[in-house]
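Trainee: Quick one: sequence plus predicted model below, questions after.
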Amino acid sequence: MQFNIDLNRLQKSYRIIQAEIHPDKFISASEIEKKQSLIKSTEVNDAYQTLKNPIKRAKYLIKINLKSKQKDSTLPPNFLMKQMEWEEYLESIWNQKEELEKFKLLISTEYQKILNALENACDKNKNWNDAMQIINEIQFIDKLNHKIIKQINEIETK
Amino acid sequence: MALLQISEPGKSTMPHEHRNAVGIDLGTTNSLVASVISGTASILKQTNNSNLLASVVNYSSDNTIVGIEAKKLQIHDPQNTISSVKRLIGKNLSDINQKNYSLNLQNKEGIISIKTNQGEKNPIEISADILKKLKKTAEDNLGNELYGAVITVPAYFDDAQRQATKDAAKLAGINVLRLINEPTAAAVAYGLDQNKEGNFVIYDLGGGTFDISILNLSKGIFEVQATHGDANLGGDDYDQAIFNWLSENNKINTSDAIIKQKLYALSREIKEKLTDKTTLTINEKINEKIHIKCQLSQKDFEKITKNLTKKTIDSTRHALHDAGLSVSEIQGIVMVGGSTRMPCIQNAVEDFFKQPLLNNLNPDEVVALGAAQQANILAGNTNDNLLLLDVIPLSLGIETVGEIVERIIPRNSTLPISMGQEFTTYKDGQTAMIIHVVQGERDLVKNCRSLAKFTLKAIPPLVAGAAKILVTFQIDTDGLLSVSARELSTGIQSAIEVKPSYGLSDKKIKKMLEDSFNLAKEDKESRALSEAKTEGLQLCEMIENAIKEDPSLLDKKELNLLQKNLVKLKKLLESSDRNNIEKITKLLNDNSQSFAAKRMDKSIHKALTGKSVSSLEF
């Protein structure tokens, strides 16, 4: 299994499997089949959620591949600097919808860049320690992105 | 569409085995029952030829009265007449404003109890009386015994409200095929009618609640992406807005109960009339002194209810955000609930989505019709391929130190879902612990709904922190929670005692059921024996079929064990030895779990490879 997967195919496969084993297909079946269908259907939902989300997917890959932890997973200094800059900038444009929209675009480009780095670490270099560090960065960007979207929504509902 | 349909064994019934299945919309004000007859979903008529059954029950005499007849008695006999029981189900007294009720309400063992001439009645029993009436309507119309029903609940109903609804159905003697969310049912009615594909929004504004759901439809699969809503916003609030406007503009003192009542009735009438009038002239004598003469235009009505409508649009925006979709990615908007008839609602929703709305089905009937279609499919009466993948509407969490909620299952997770959480002991030799489960989005326990307290017992006595208990929270396709626990270091299954914060314990429900059957002791025994035999027989047939189909999935030892117990059980089935029939049935059940799991895996592989050959046509 690798990090870069075809999400379209994932969704199709998920739906094919659920159409086969979902508890709704076993309403009149025996108790054993009902129980197994509930167990399997739950597992498939869990697997789908794990694979669909890039952060969860990478975390899963690390879990099954990383034998020994070498680096501590604190953020590198240059990323910490960036992080502070972004936080300060966000504060300065907090009530300006258009600026927030622009910033959102910038952040999503950053997100895409770093996602590529994660793909490289996982699929090309198989460097799971690197991957772990990148995930920390992605999680920060993800949170920042949610914060921006939430504030844009907040302004829109006013 | 399909040329030749071959049903798989165990999954579909033969055409001649038609099962009477219905969809039930158990509403706050009115309830409906519908069924698919000769391929078309239709509402089944009540004895008075109406499509609707008023959700009102009267207990003044020994004879329980349900429907419009009970509603007529409400004015004269308010103490024995219960309406809007849906607002009480799955709740306790502290959740509701008692001033709004003329009933004699009490708290009894965690649930509301109402004193009537027939004795104390709880919301589960009252709902069961409405359901019994609907069941009779169904059987009178369909001519035969009912096989089962799909019952709809608001998407925003929490675990306690869902459980209570299901218990009510059991008490009414109804086999619940599935509880489904009202907006999802509406989507089924529209989707099946028109073979739609894409992202759909269901905007559901009823008398007292608002639900918004976003679904993705594709080749018969309905995947709920997000749901949001407001359990305290509905058409009643629009009446209130007119009420306030009337009393302010005409300087009416509304402290008098009779004036208040009349003004409410007038407000509701005005709201309904404004549906197809641009301006309404009001000329109404409330009493000798008060004579209201004024005009209200649709525009002004829109203005005075702007805040209410805005709240629904805010919820809609929230749901879109949760689904990760923008307005331009929505292919259709389905309007559900009588309150969506208001032009100001239609305009606001149309403006927000910038496209015309789907409202060609009767908004009062669409939920029951969709539920009927789903019931027909679940009962195996049709080979229509339809699958509903619904979500949990509210996050599930547990109480941690400082009354803080730790979220275990986030809202909008697809069902069924389960999540494990590890706990440990904090005292040496500790053998029990309590886990408090809550539902809601807030961080503090007091701001969420308390669902249940679980007591874990039989934890092996170890030093503090050594015992590791894995508690698994499972939510099934009805949105109902069950909990199991295992101590990891010893593998001991912990005994769990559940004390629901609301609703009734399993024990109590069982007793209520038994009382309702009112059977003599011998009858009970013969009933139990016949149930045990049916279960045993079904199991034998299932396993024998499975062995015939997939002998390669069993090794010799497993096969021998199954066959040995099959022979044993078959012989017992000819006797009246209920205890042993149950014992061997359970044994055979346990023996065949892994075989059943392997068969399920095989069917997954088969489905995936089969579909990839024909180029995944989704």
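Mentor: Happy to help now that I have it.
Trainee: Let's test this: mean pLDDT of the helix or strand hosting B:Ser450, rounded?
Mentor: In this assignment (DSSP states H and E), B:Ser450 forms part of strand B:449-457. What strand B:449-457 shows for mean pLDDT is 82.
Trainee: swap in stretch B:608-618?
Mentor: pLDDT averaged over stretch B:608-618 gives 55.
Trainee: Any residue of the lengthiest helix in chain A touching chain B?
Mentor: Identified as the longest helix of chain A according to DSSP state H is helix A:128-157. Yes. Using Cβ under 8 Å from any Cβ of the partner chain, helix A:128-157 comes into contact with chain B via A:149, A:153, A:156-157. The C-beta positions use only the backbone N, C-alpha and C, and glycine is treated the same way.
Trainee: got the buried residues for the strand holding B:Ser450?
Mentor: B:449-452, B:454, B:456 (16 or more other Cβ atoms under 10 Å in any protein chain shown).
Trainee: Reformat those residues as TSV; add distance to B:Asp590.
Mentor: TSV is the format used below for these (distance: Cβ to Cβ, whole Å):
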residue	distance to B:Asp590
B:Arg449	36
B:Ser450	35
B:Leu451	30
B:Ala452	28
B:Phe454	25
B:Leu456	23
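Trainee: export the residues you listed to TSV and tack on distance to chain A?
Mentor: Formatted as TSV, those follow (distance: Cβ to the nearest Cβ, whole Å):
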residue	distance to chain A
B:Arg449	23
B:Ser450	25
B:Leu451	19
B:Ala452	20
B:Phe454	20
B:Leu456	22
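Trainee: Please, which helix or strand holds B:Lys571?
Mentor: Assigned by DSSP H and E, B:Lys571 falls in helix B:556-573.
Trainee: what's the model's confidence in that helix, averaged?
Mentor: Mean predicted lDDT for helix B:556-573 stands at 92.
Trainee: Break down the stretch 351-500 of chain B into its strands, ranges please.
Mentor: In the stretch 351-500 of chain B, the strands defined using DSSP state E, counting those that start in this stretch lie at B:387-389, B:396-400, B:404-409, B:417-424, B:433-439, B:449-457, B:468-475, B:481-487, B:495-500.
Trainee: scratch that, chain A is what I was asking about
Mentor: With strands called from DSSP state E, chain A shows none.
Trainee: Residue 37 - how many residues pack around it?
Mentor: Because you didn't say which chain, this covers chain A. A:Ser37: 23 surrounding residues under other Cβ atoms under 10 Å in any protein chain shown.
Trainee: hm, I was asking about chain B
Mentor: 13.
Trainee: any idea how far B:Leu142 is from it?
Mentor: Distance of B:Ile37 to B:Leu142, computed by Cβ to Cβ, to the nearest Å: 8 Å.
Trainee: One more: B:Glu272?
Mentor: 34 Å.
Trainee: neighbour count winner among these two?
Mentor: B:Leu142 (18 against 14).
Trainee: Only the buried residues of stretch A:57-76, if you could.
Mentor: Buried, per 16+ other Cβ under 10 Å, within stretch A:57-76: A:57-58, A:60-62.
Trainee: swap in stretch B:386-405?
Mentor: Neighbour count says stretch B:386-405 has B:386-399, B:405 buried, by 16+ other Cβ under 10 Å.
Trainee: Looking at those residues, which is nearest B:Val57?
Mentor: B:Pro393 (27.8 Å; Cβ to Cβ).
Trainee: Please name the residues that touch that closest one.
Mentor: By Cβ atoms under 8 Å, 6 or more residues apart in numbering or on different chains, the residues touching B:Pro393 are B:155-158, B:181, B:227, B:229, B:411-412, B:479.
Trainee: Which of the residues you listed sits closest to chain A?
Mentor: For the contacts of B:Pro393, the closest approach to chain A (Cβ to the nearest Cβ) belongs to B:Asn412, at 10.9 Å.
Trainee: Can you get me a residue count around the closest one?
Mentor: With other Cβ under 10 Å as criterion, B:Asn412 counts 18.
Trainee: What residues does B:Ile214 make contact with?
Mentor: B:199-202, B:224-227, B:319-320, B:322-323, B:325, B:330 are the contacts of B:Ile214 under Cβ under 8 Å, 6+ apart.
Trainee: could you redo the last one with a cut-off of 7 Å?
Mentor: Contacts for B:Ile214 were tallied using Cβ atoms under 7 Å, 6 or more residues apart in numbering or on different chains; they are B:199, B:201, B:225-226, B:319-320, B:323, B:325.
Trainee: Can you pick out the most distant pair from those residues?
Mentor: Among the contacts of B:Ile214, B:Asn199 and B:Ala319 lie farthest apart (Cβ to Cβ), at 11.4 Å.
Trainee: Chain A contacts on chain B?
Mentor: Residues of chain B lying near chain A by Cβ under 7 Å from any Cβ of the partner chain: B:10-11, B:177-178, B:221, B:314, B:317, B:321, B:378, B:380, B:385, B:387-389, B:414, B:416-418, B:474, B:476-477, B:538-539, B:542, B:589, B:592-593, B:596-597, B:600, B:603-604, B:607-608, B:611, B:616, B:618.
Trainee: Select only the buried ones of those residues in PyMOL?
Mentor: A single PyMOL command selects the buried members of the residues of chain B next to chain A (16+ other Cβ under 10 Å):
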select buried, chain B and resi 10+177+178+221+317+321+378+380+387+388+389+414+416+417+418+474+476+477+538+539+542+589+592+596+597+600+603+604+607+608+611
